[in-house]
Structures are given as structure tokens and as C-alpha cells.
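Q: Sequence and predicted model, in that order:
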Amino acid sequence: MKKSALALGLVVGALVGMPAFHEASAQESVYVPLFTYRTGPFAGSGIPIADGMRDYLEMLNQRDGGIGGVKIVIEECETGYDTKKGVECYEAVKDKKPVMTNPYSTGITLQLIPRASVDNIPMLSMAYGLSASADGSVFPWIFNPPATYWDGASVMVTYMAQQLGGFDKLRGKKLGLIHLDAPFGKEPIPLLENLAKEYGFELKLYPIAAADMQNQGGTWLAIRRDRPDFIYNQGFGAMNPTAVKEAIRNNYPIGKMVGVWWAGGDDDARGGAAEAKGYKALSFNQTGTDYPIMQDIIKHVFDKKLSKVENRNRIGEALYNRGVYNSVLIAEAIRTAQQITGKKVVDGNDVRRGLESLNITEARLKELGMEGFAAPVRVTCADHNGHNKAFVAEWDGTKYVKASDWISPIKDKVRPLIESAAKEYASGNTGWPKRTEACDSPS
């Protein structure tokens, strides 16, 4: 009880500017800030993600006393999904020596990438951010498992080919990309342009400004004119339920619209009411609470009123479970760092090594109580992503269900683009440092 009270005190101290890290270290704690957005136009997506992230880490504190006997000091910083506020959050937490940062925004990630190596704080941008940062030889401090946006776009094209009867059937077809007109939304475009040339389909782009996320009438007039065979939705927040409603209102076949994994929230589909049945989105984690990991969260966090979730039914939804998965990566990186170094209280340098040696196998997934919840993932010195498989989830009217087999990304198209883009990034940023960090395992 004394340790729990002290950990709580550290969080309060951090919020009022006290030097929390030094006290935390003395009491054998690790500091994990979470950049979240519970307010603003992206809150519909941000809240369940934040809840899942926080609840898993809190569960480890309550059930296990933390990680390897070391308490986790959890602190949220509200960004509103605003890049400027995200940078302010980073400045507020970096002197507290976090073991890693989680920007949870592509825009924020892009601003913080140059700072990670300077401040010796690894960054986890889980399945978002700069796709090229998967190249560990150029970005030794940035990690984006289990899949990049380029992997997701290639999975979408593969799924489209499967629905049409083969890659040769893509020729002459149209794929529409409806996307937020921001770095996040634009990220899949280079890969889709390459695949359009390769397979002979036409790519139609439909950018939507953040100010127009809930006013997409003009965009859907263009879609009605162009009549794309499939639509890939690279949207987030309030943009997604609006897109679902507009697809229905404009009589676009809802089953032909597939969202990126961030466009697969339960509230995204609920926006279209009963007619949204059949809406699809990519995913790399299962939904529901029929996993020991989820039952432990309910028992040790929700039932003890330590969660910010008010409605128990929200636990197990797609984005909540994705937040849980994000914190599994955090915790396993810390655990791996402890194993590599022999230290209980690890720092950013140690956790960077832990991330580069991350290997969550089927056996480990079972130990974690998440067998079948996600696919195994391995990160190496050269590959900071893993380029994992994803599947298509379908809204059945009340929840998302697995609607396809696991689909591999088109790695032979994705990896060369990543390496090329990484080199271009380094050459375009004068003085970009060459990697000097040693590798703990063969890459």
C-alpha cells in the first residue's frame, strides 16, 4: 500500500512540476508518459485508445507490482491531437527521463523524430507515423511495429485483388483513397501510386481538410462521379463516422469501403446505424473480452474503479483493445531491456535495446493471456517494424468480427520504398547522424 501511495504521489508531483524522475528512481520505478487526446474532434478515437493503454499498464501495477518488480509511473499529457501541444507535452516530460514516448499522432511524431536520438528517448509510433522509420539503420531511436501505413495500403490492394479474383483483375479498376489532408492521411499515397503502376489500376485521391471532416458533401459528389470500385479510408476521429454515413447516403456499397486500422473504431461504424453493417477496416488485434489479458484488466482495474472507462461494455471494443496492444509493446520492451541489462530500473538507452530485441512469439502471447489476440511480432536492429500481417474486420451491426484470413503485406514492394525514403530523409536533413548504436542481436 505504501508503494502504491508513493507511485500515486509521484504522478501528482509530475503534474505540478516536481522532479518526479529522481524520486521514482529511488523507489525503483519507470516513468511512462502517454500522449493522449480525450478532447477535440479526434476524441472519439482517442478516448478508447487512451483507456486501453492506461488500463493495461495499471493492471500490471495492480496484479504484478509493475514490470520485473518495478512500478510503472503513468502520466497522461493531453494533446488534443494538435502538433504544437504534442511538442509541448514532450518538452514537459523529457527532463523526467521517460523510458520512451508515445506521440499517438503522425504530425507530432514527425516533429519529434529528430529529438529522440539527441535526448536518448526512444519513440514508439505503433502502426503510425513515418513509414520510412522502419529502417533501423537510419532511425535507431524510432519504432513503428507491427505494420507501417505502406504495409496497410498493400494489404488493402491484396484484399481488393482477392475480391476481384486475382491481381490480374486489378487492371482497369479504380481505387479511391479518401484521406485526411494531413501527414497521416497522405502517408499511404507513395506506395499506392507505385502499386497502381504495377498492377494497372487507377488511384483516385479524395483529400478532406480537418475543418471539413464532418462536411464531406463535395467529396462524395466526386466519388459518385468517379464510381471507384473500392474505397480505402485513411481517416481518423470525426472523419470516419461521417464517411460511413455519406457512403450510405450516396448509395455507395458499404462493403466496398475499407478503413485503415485507425478507421475501424466501433463508433465509426455506429455512425451509420443499421445500414453500416458490412463496413470493413483493417486490423491487427481482435476485439472482445474473451482473453485472460482482458479479464485481468476488468478484475484488477475496472472492478477496482481505477479505470477512466465508465461503461464496462466499452472494454473489448476495437480501439480500446488496440490501446491495450500498444501498452503490451511498451511493457515487453521494458521487460526485454531488463533481461538484456540485468537492471531493474532501466532508462531510455536500455529500452531502445529492448525494442530492437523485441520478439513476442506465439508462446509469449499465450503467457501474456492473449493467445489469438494478435500475431507474433519481432523487431530487429535493421527492421524496426516487422511488417506483420493484418486482417479485414467487418462490422456485423454490433461489433467487428474477423472477415478474412491474415494477409501479408507486399514486402518486396514496401521494403525498397522504405529504404529509399529513409535515405532521402537522412540526406534531406543536414547533419543527420549515422547510426552508432550497437546491435544486441543479429539483424
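A: In hand now; what should we look at?
Q: quick one, longest helix in this structure?
A: helix 318-341 (DSSP state H).
Q: buried stuff in stretch 234-244?
A: By 16 or more other Cβ atoms under 10 Å, the buried positions in stretch 234-244 come out as 234-244. Glycine gets a C-beta too; all of them are placed from N, C-alpha and C.
Q: next one: stretch 317-337
A: 317-337.
Q: next SSE after the one helix or strand in the chain whose mean pLDDT sits lowest?
A: Within the chain, no helix or strand scores below helix 20-26, which has a mean of 37 by mean pLDDT, DSSP states H and E. Using DSSP states H and E, the helix or strand that follows helix 20-26 in sequence is strand 29-36.
Q: name the helices or strands packed onto that following strand?
A: Applying 3 or more Cβ pairs under 8 Å, 6 or more residues apart in numbering; DSSP states H and E, we find strand 29-36 packed against helix 2-15, helix 20-26, helix 43-64, strand 71-78, helix 83-93.
Q: Show me what the longest helix of the chain is packed up against.
A: In terms of contacts (3+ Cβ pairs under 8 Å, 6+ apart), helix 318-341 is packed against helix 43-64, strand 123-124, helix 292-297, helix 348-356, strand 359-360.
Q: Distance from the chain centre to it, please.
A: In terms of Cα atoms, centre = their mean, to the nearest Å, the centre of helix 318-341 is found 12 Å from the chain centre.
Q: still on that earlier bit, if you average pLDDT over each of the helices and strands packed on strand 29-36, which comes out lowest?
A: Here the lowest mean pLDDT among the helices and strands packed on strand 29-36 goes to helix 20-26, at a mean of 37.
Q: so Ile334 touches Lys344, yeah?
A: No: under the criterion of Cβ atoms under 8 Å, Ile334 makes no contact with Lys344, lying 10.3 Å away.
Q: shared neighbours of these two, which are they?
A: Gly68 (Cβ atoms under 8 Å, 6 or more residues apart in numbering).
Q: Could I get the full set of helices for the stretch 151-300 of the chain?
A: For the stretch 151-300 of the chain, the helices defined by DSSP state H, counting those that start in this stretch cover 183-186, 189-199, 217-226, 239-249, 266-270, 292-297.
Q: residue ranges with poor pLDDT in the protein?
A: Along the chain, the model assigns pLDDT under 70 to residues 1-27, 441-443.
Q: and it, what are its domains?
A: 2-148+287-388+420-428, 149-283+390-410 (automatic domain parsing).
Q: Any chance of TSV for those domains, columns distance to Lys434?
A: Shown next, in TSV, are those (distance: least, Cβ to Cβ, whole Å):
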stretch	distance to Lys434
domain 2-148+287-388+420-428	8
domain 149-283+390-410	24
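Q: nearest to Cys439, of the ones you listed?
A: domain 2-148+287-388+420-428 (3.6 Å; Cβ to Cβ).
Q: thinking again about what came up before, could the helices and strands packed on helix 318-341 go into CSV alongside distance to Asp82 and mean neighbour count?
A: Shown next, in CSV, are the helices and strands packed on helix 318-341 (distance: least, Cβ to Cβ, whole Å; neighbours: other Cβ atoms under 10 Å):
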stretch, distance to Asp82, mean neighbour count
helix 43-64, 11, 23
strand 123-124, 18, 25
helix 292-297, 29, 20
helix 348-356, 25, 24
strand 359-360, 32, 19
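Q: can you redo these as JSON lines with distance to Lys366?
A: What follows is the helices and strands packed on helix 318-341, written out as JSON lines (distance: least, Cβ to Cβ, whole Å):
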{"stretch": "helix 43-64", "distance to Lys366": "17"}
{"stretch": "strand 123-124", "distance to Lys366": "23"}
{"stretch": "helix 292-297", "distance to Lys366": "9"}
{"stretch": "helix 348-356", "distance to Lys366": "21"}
{"stretch": "strand 359-360", "distance to Lys366": "11"}
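Q: out of these, nearest to Glu78?
A: helix 43-64 (9.3 Å).
Q: what's that closest one packed up against?
A: Under the contact definition 3+ Cβ pairs under 8 Å, 6+ apart, helix 43-64 sits against strand 29-36, strand 71-78, helix 239-249, helix 266-270, helix 292-297, helix 318-341.
Q: 6 Å instead, please
A: Using 3 or more Cβ pairs under 6 Å, 6 or more residues apart in numbering; DSSP states H and E, the elements in contact with helix 43-64 are strand 71-78, helix 292-297, helix 318-341.
Q: would you turn these into TSV with distance to Val32?
A: As requested, those are exported to TSV (distance: least, Cβ to Cβ, whole Å):
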stretch	distance to Val32
strand 71-78	6
helix 292-297	17
helix 318-341	6
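Q: Ok, which of the ones you listed comes nearest Lys186?
A: Set against Lys186 and scored by Cβ to Cβ, those come closest in helix 318-341, at 21.8 Å.
Q: quick one: that closest one to helix 348-356, angle?
A: Orientation of helix 318-341 against helix 348-356 (axes from the mean of the first three to the mean of the last three Cα atoms, to 10 degrees) gives an angle of 110 degrees.
Q: and helix 318-341 with helix 43-64, angle?
A: Counting by the same axes, to 10 degrees, helix 318-341 lies at 40 degrees to helix 43-64.
Q: which other residues reach helix 318-341?
A: 48-49, 51-53, 56-57, 67-68, 126, 264-266, 285, 287, 346, 350-351, 353-355, 357-358, 360, 374, 400, 440 (Cβ atoms under 6 Å, 6 or more residues apart in numbering).
Q: Next: stretch 191-209.
A: 150, 153, 157, 167, 170-171, 173-181, 219, 226, 228.
Q: May I see the buried residues of it?
A: Within stretch 191-209, the residues scored as buried using 16+ other Cβ under 10 Å are 191-192, 194-196, 199, 201, 203-204, 206-208.
Q: next one: stretch 302-322
A: Neighbour counts over stretch 302-322 (16+ other Cβ under 10 Å) mark 302, 306-307, 309, 314-322 as buried.
Q: Could you measure from Ala337 over to Asn102?
A: Per Cβ to Cβ, to the nearest Å, Ala337 is found 16 Å from Asn102.
Q: for Gly176, that is, sorry about that
A: Distance of Gly176 to Asn102, given as Cβ to Cβ: 31 Å.
Q: Repeat that for Leu306.
A: 20 Å.
Q: same question, Asn251
A: 40 Å.
Q: Check Gln216 too.
A: Gln216 is 30 Å from Asn102, where distance means Cβ to Cβ.
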